[in-house]
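In: I need the structure of the sequence given here:
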Amino acid sequence: MRFACTIFLLLLLFAQGTVLAKGNVIRLHVIANSNSPGDQQLKERVRDKIIAELGPVFAEMEQRQVAAWLEDNQDVLVNLAAVAVTEAGEDCPVRVRFTVEGYPLRAYRENIYPEGRYRSVQVILGKGQGRNWWCLLFPPLCFVSETVAEPGEGQEIEGRIWLWEKIKELFRKLFQGSCQQDSFFVFPD
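Out: A predicted model of the protein is given here:
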């Protein structure tokens, strides 16, 4: 047991960042009509409008509240995007859908979000065939300055995640059958 605790503490010191559970994350994904400069600018205007309006709404909410609000207010998201489109002098249909989709590894501040499938709110402009933009609605990192891993830092982050996965595997093997369901050693997947 002492060995396991030592490994756990070393992991915490080494990681210098938190690998967050995918189930606690909700992403905003804005997809442009096309890759034309005008459509890309429109995507950014829609993004800015949604972030400006929803930032204060989500500021004090917990994850479940954000998810419920999004599901109950899909029309608000459509209207925000439509207003941004109209203000830009464009005529482009807007769709919103809730889905689960794959995202690459990303670091925001001290938190690490591994590559994988996450819940998303997609705002699709027109045909939705252009480059996209995404951020985290929850935790609310769309509304603050993002810190994205610089080129070369990804290997360090991937190494930390690899180590985290190996240590979780070790703990599962060490404590398999000896820990109860409500054990201290419960790891996010």
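
In: Assess the claim that Leu137 and Phe58 are in contact.
Out: Yes. Here Leu137 reaches Phe58: they are 6.6 Å apart, a contact under CB atoms under 8 Å. To be clear about C-beta, it is placed using only N, CA and C from the backbone, and glycine gets the same treatment.

In: Straight-line length of stretch 105-118, end to end?
Out: 11 Å (CA to CA, to the nearest Å).

In: Buried residues of it, list them for me.
Out: Using 16 or more other CB atoms under 10 Å as the test for burial, stretch 105-118 gives 106-108, 111-114, 118.

In: ok, back up a step: compare Leu137 and Phe58 and say which is more crowded by neighbours.
Out: A direct count of neighbours by other CB atoms under 10 Å for Leu137 and Phe58 places Leu137 higher, at 28 against 20.

In: After the helix or strand that Asp75 is a member of, heading C-terminal, what element do we hit next?
Out: Element membership of Asp75, judged by DSSP states H and E, is helix 74-87. Downstream of helix 74-87, the first helix or strand assigned by DSSP H and E is strand 94-103.

In: residues of that following strand that come out buried?
Out: By neighbour count on 16+ other CB under 10 Å, the buried set for strand 94-103 is 94, 96, 103.
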